[in-house]
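**Q** Just need the structure, nothing else, for what follows:
(chains A, B and C)
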Amino acid sequence: MVKLLLFECRKHFLKKSIVTVILLFSVLNVVKIYSVYDQTSLLSKSTGSDWNDLYWEMYEEFGGTITKEKIDKLMSIYGPLDKQTADKTASTAIDNPNTYTGNVYNDTYFFRWNFVNPMEYAYMYRSYANDVVTAAKENLTFFESLGNQYEYKKNAAIADRYIGRVISDFSYTEMYENYIHYDFSAFLVILICMYVLINVFVSEKETEMDVLLLTTKAGGTKTVIAKIMTSAIFVCIVCFWFWLIDFAAFSTIFGSLEATSSPLYVIENFANSSIGISLGEYVVLSDLLKTAGILVLSLVFLLISTLFKNALFPFIISLFTTFGFIYMQELYMGSGHILLKILNPFALVVNRELFRKTEFVSLFGYPVISYVPAFLFAAAWGTLCILSIVILIRKNTVNRKG
Amino acid sequence: MSLLIYEMKKMFFHQKGLLFISLFFILSISTLLVFDTPKNPDIEMNSKQYSFYINQVNGALSDETERFFTNESKRISEANVELEKAYNDYYDGKISEDELLTLSSPLEEIVKNESGFKVIFDQYTYIRENPDNRYFLSTNGWDGLLSTDSLDLLFLLLLLVLVTPVFCSEFANEMDSLHLTVKKGTRVHAISKVVLVIMTVIVLGLFTSLLRYGFFEIKYGLEHGDYPIQSLSYFGTSTKSSTLFSTFIWLSAIKIFGNLSLSMLIMLVSVWTKRYALTLFSSTAVILLPYYGFSMESSKYSLPGPLGFMVSTGFFRGSEYEYNIVTDQMDVTFEEISMKAMLILFVITLCISIGAMIVIIIQHTNVWSARKRRHWLTSSSMMLVLCMAVSSLAGCTSNQNMDDYDVYNYSSRQSFENEQYRFYVDETNLDDIRLVFEDKQTGEVKNLIRNPMQSLTKVETFIYGNGPYVYYMKHDSEKLRGFAYRFEERGKVSIIEVDTTTFDERIIFEKNLNSHEDNFLGLNSVDSVDSSFYSGIASFFLDEKSIYFIAQDEIRQVNRLTGKSNVIIRSPLLRSVAFDGQHIYYINEKYQVVKYDTKTDSETVVPDIITTYFVLTDSELFFLNRKDQYKIYVMNLEDFTFQKITDKSVLNFTLDDQYIFYKNKVDLKRYRIDRDGQNDELVQD
Amino acid sequence: MKVTFKDISKQYKGKYALENFNSELENGIYGLLGANGAGKTTLINIFVGILKSDKGQVLINDVDVRSLGIEFLSHIGYLQQYPQFYKNFKVMDFLRYMCVLKDIPKEQGEKRAKELLEIVNLSDASTKKIGALSGGMRQRVGIAQAMLNDPDILILDEPTAGLDPQERIRFRNLITKFSENRIVLLATHIVSDIEYIANQVILLKDGQLLKQDSPQALARGIEGKVWNVTATENTIEEKLKHLKISNMMRNQDGIHLRVINDEKPDAHAVNIQPNLEDVFLYYSGDGERW
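**A** Take a look at the predicted model:
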């Protein structure tokens, strides 16, 4: 079997054109990541304010464990600034020597967006989490009195997840925030997979090897399984390669790995996150799930390609299907229709949507946190595709024999 | 010629081209029919009123129209005041019915089209900024036709499926070598294929343009094609001078050019690689990667290659800016493409296409008939295409029953009562206004919203209830740093049904407000006009099919399933509205109570009631009788008999199962009276 | 009609696929014989203009083909190796299409196509789709299309590959039929295809012309070099190692070997009449040493 795998690998994946495409796309990916930095980072030059150096200087002072002293100190700087600029009558001079950036307004914005707001959020999170736990616990008695077991269990789970949540450190989170909201690499990977995988079965038909394969001992189901397995390995390798590039590029371009050990909910968009793991761990989890999602999509491509004799229709149909998945995913992005959201295997690719909020799905009256069934649904889709491929390939060849 | 016919036969029949073309047109038409929404829905929802005004001010803004707006705006507000006064006078007995009629009919004529005036006034504020090239016109048709910068993905797929096999099928059938050995199998054959593709793309392009033109002409109308494009806000800041119609012609031509250059590229790659997969993949990548990869919209237009031309509208747009609250500055979100840049791009793309054609022909030349091959030509054209490819890539069911439907009253939009609970808005702490409920048995007060995680959710302070179900409305938002700061409001509005027996929640309506930047590709678009509507809602109620949103001066019916909305009721001030599950009761500008049937979409005036405030119950209508000094009356809805409840003038009142609570108009004190008018007593607050 | 090849050379990655090939062809059937990779298809591809030679000229009636340009193509009819054609075209449609490509006036083409279908015995199949034809039938469609323009030169690249003996004989007869007043260049590595029909055989080896002569003359050339040797189970191994053997047959009195050798390989060896296969083996290098 191992040999069969190696041969399949050589047949379909070790091609110059594929390697070239992967390399070219990798470069594109880095360029795109740079443009993300350039356009969204508060520290990039294109914000029009050169805050980078000042930020890290101040970060030395305010970064790390949040203490009352730090807060007081920060407020002693920001408070007066805020007052000064509140009525918009402060001096607009840009060479004011008594300021950090040369301008009072710029100082205000600098501290507001980089330190005051994020630190306020971080500091206040403990009390927010406490509120959630209190509310959830209150719900426990409430739903118990109503006999609503589902809601009872749900709230128990929420209380359990939120208890003790606290953001003790103030850290630079821009890099992780952008990293976990970044999708372009996944799009590149999907395109590569589409291109490479539609050839896996089609090329056998083009070279009329499918008939020959059937006459060999390992040519039937075994070859099909070998093909599926090598495809899966290929998809995983490409995925990990791109996720690696993503991470390397983000950490290099943003110039920081701060916040790796901070909890996921330091990202404001993840304030209601269902999981309390660290950002570093989340990156790994997210990458694994993204890979799983693309794997399912790849199986769909493989399934489509088994139905045709050349690459034209599989490619067009795969492209159309992918757009369909993406459209549905986007339609239910942020939606409360959780089931419709997680039925789509693409939910694993944009998996922040599964972890951003604490959402539950009722499974036989038992509340299950949304990412579990999302994963199960994707697995079911994948299995369905594999089974269909195995069945279809056999049928085709049996017919051909006759 | 007959070679062309054979190639046509191959493309349209053997390769099922006709089937795909028909499929494309069917899909295109259905997408237009299903997904097209007017850019400015207010125009469509107030079309009659709007057309009254647009017909008067059509065209450029002149001193006369400017005066018209000042006068009309004054006239309408005055007419409203006068009309109100006239009715008040009449109901106070100061004037007779005839006098009222003579007074009111001209005034009514004036205010009849007020909603249309609001829409046109918005346009006026836009046009006023630059009256030289912004004209008045009904914009939805032209906006639908021109103001979109989305790539026609279906057309892209059609091109791929039509053009790729043109050469690839010859390689797949191993006919390429045979062709090279027959007289017309060489260049003539290649040229005839290229010509066929060019003709097909042009015809398809023309048909698509015509189809869209026809669709928007029929749906909204495309009048005044000779007005400048700046009349559409999408092109508002453009410095190019062009009329709407000529822009349409230009855009169609540019699109055709873009599609042609893509076809050339597809053919070039197919001749080169001789393989379907690689051809399809590289052609798709060249278009989709820059399309989705560039964060700034205008970047895709500054690339040589087919993409910019395929999308095309950006060439006519002006620079656009958006406010960035981080830096308190305006950020460029779209940079105008100058005429010169456009020409350069055009020339480069044209050269690439011609280069592609030359390469295709060279590849189809019999050695013996070839003039001395110019290697530099082949290699340079290949280089050119390669460069282009690289540069293009570098961018990187509801359970209520009518019979026992709980009556909704606008006045009690903040409260609802069923057998077990009383739901209301707790405003004791203004920093923390909450929806709460009181257990009628125990008197315990608890939060209605049980979701412990509220940090990114804002709940509206009105509810609607029916039987065991209570509904509330909430906004969910996302918080992203960086680019997100440019957008103030993002997220979703949803209406949640709470089953108060179990307090299980269910979403019954959901709508995206403002597009998420945080999208994978951004295939769904959202109307901004809709967003502003949803943020200005005063209350809502619903039946099994629709949700009715009450705004300042209109009621909109929104289909629960499709989300399609239309204005069903318009009245200057909607502050007394009731719904019994089928009929909506409201007060019109004449202080009459109108009954709107949601099943038949028909209206009837409830006879003999003149009021400013009413409350509906299952069988009766309590109201402040305008004709009798605002005393509370009740009308039986079955036999239309009246009964006076109070002898005092009342400011407003509420009722429960037993009593009526009212505020005396004179002493402004609260009183309680039985529903049959007995036992009037002062309530101590 | 006379075709002259002058110093034709073609290299692939530094290795000669064809080296200074010189030959002259006049009306008649020419069998282009050579092992796989000897340069047959390269020569044909250069001749029909699919491939550009690095060097050399092709002359028709002493006129450089290059000066004829596209007109040259009206002189030739070509059938490639393993033709697929368009599977979804009907036979007659395909021929009509080829008429258009060959610039044959419509009526004339129609008439000619019908005639040819008659000759290749495919009249009944004229409305069948090419995809539904058997290999032999498809090959006959192939030769019919090559003959459409009544070419002076008919070039067939391994036309009998994959055909059954009956189809092969039928095809051979067709070629003979079509060879009247024209040059037929037939590339093959199956000797029997040309043994009885070729006027001349061109022997190619490693891109070089070895011999060009009639089959009979070629056979005569190796007269006295073909032997019948009888071997026993004990001696066979030895003989297989050292001799060039074109055939081996086992019967009751031992194993009979057909040996090609310049000298008498064995005291009991009997000289026999050589055939074209022997010639092919004799010249195509090391031959079959087992």
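
**Q** give me phi/psi at residue B:644?
**A** With angles defined as degrees, to the nearest 10, residue B:644 sits at phi -90, psi 140.

**Q** Okay, domains of chain A per the record?
**A** Chain A breaks down into these structural domains: A:2-41+A:175-401, A:64-170 (assignment by automatic domain parsing).

**Q** gap between the longest one and the chain center?
**A** Averaging C-alpha coordinates over domain A:2-41+A:175-401 and over its chain gives two centres that are 12 Å apart (Cα atoms, centre = their mean, to the nearest Å).

**Q** Report the closest residue of the stretch 1-150 of chain A relative to chain C.
**A** Going by Cβ to the nearest Cβ, chain C is nearest to residue A:16 of the stretch 1-150 of chain A, at 16.3 Å. For every residue, glycine as well, the C-beta is placed using N, CA and C.

**Q** distance of that residue from residue B:278?
**A** According to Cβ to Cβ, to the nearest Å, residue A:16 and residue B:278 sit 11 Å apart.

**Q** more crowded one of the two?
**A** residue B:278 (21 against 7; other Cβ atoms under 10 Å in any protein chain shown).

**Q** Looking at the stretch 51-200 of chain C, what residue ends up closest to chain A?
**A** For the stretch 51-200 of chain C, Cβ to the nearest Cβ, closest residue to chain A: residue C:87, 10.3 Å.

**Q** on contacts alone, who are the packing partners of the lowest-mean-pLDDT helix or strand in chain C?
**A** Ranked by mean pLDDT, DSSP states H and E, the weakest helix or strand in chain C is helix C:236-242, scoring a mean of 82. When contacts are defined as 3 or more Cβ pairs under 8 Å, 6 or more residues apart in numbering or on different chains; DSSP states H and E, helix C:236-242 packs onto strand C:254-260.

**Q** now the strands: where do they sit in chain A?
**A** Under the criterion DSSP state E, chain A contains strands at A:64-65, A:169-170, A:360-363, A:366-369.

**Q** Quick check: which of those strands has the most neighbours on average?
**A** Of all those, strand A:169-170 has the most neighbours on average by mean count of other Cβ atoms under 10 Å in any protein chain shown, namely a mean of 21.

**Q** what's that one packed up against?
**A** strand A:64-65, helix A:117-146.

**Q** The least confident helix or strand of chain C: which residues count as buried?
**A** Of the residues in helix C:236-242, C:236, C:239-240 count as buried by neighbour count, 16 or more other Cβ atoms under 10 Å in any protein chain shown.

**Q** if we can go back for a sec, make sure the residue of the stretch 51-200 of chain C closest to chain A is actually in contact with residue C:133.
**A** No - in this structure residue C:87 lies outside contact range of residue C:133 using Cβ atoms under 8 Å: 9.3 Å.

**Q** Have a look at these two and say which one is more surrounded.
**A** residue C:133 (18 against 14).

**Q** what's near enough to touch the more buried one?
**A** Neighbouring residues of residue C:133 by Cβ atoms under 8 Å, 6 or more residues apart in numbering or on different chains: C:91, C:125, C:141.

**Q** residues contacting the second one?
**A** Taking Cβ under 8 Å, 6+ apart as the criterion, residue C:125 is in contact with C:91, C:117, C:133, C:137.

**Q** Show me which parts of the helix or strand in which residue B:343 is found are buried, residue by residue.
**A** Per DSSP states H and E: residue B:343 is located in helix B:339-363. Residues of helix B:339-363 classed as buried by neighbour count (16+ other Cβ under 10 Å): B:342, B:345-346, B:348-349, B:352-353, B:355-357, B:359-363.

**Q** Then stretch A:304-324?
**A** A:304-306, A:308, A:310-319, A:321-323.
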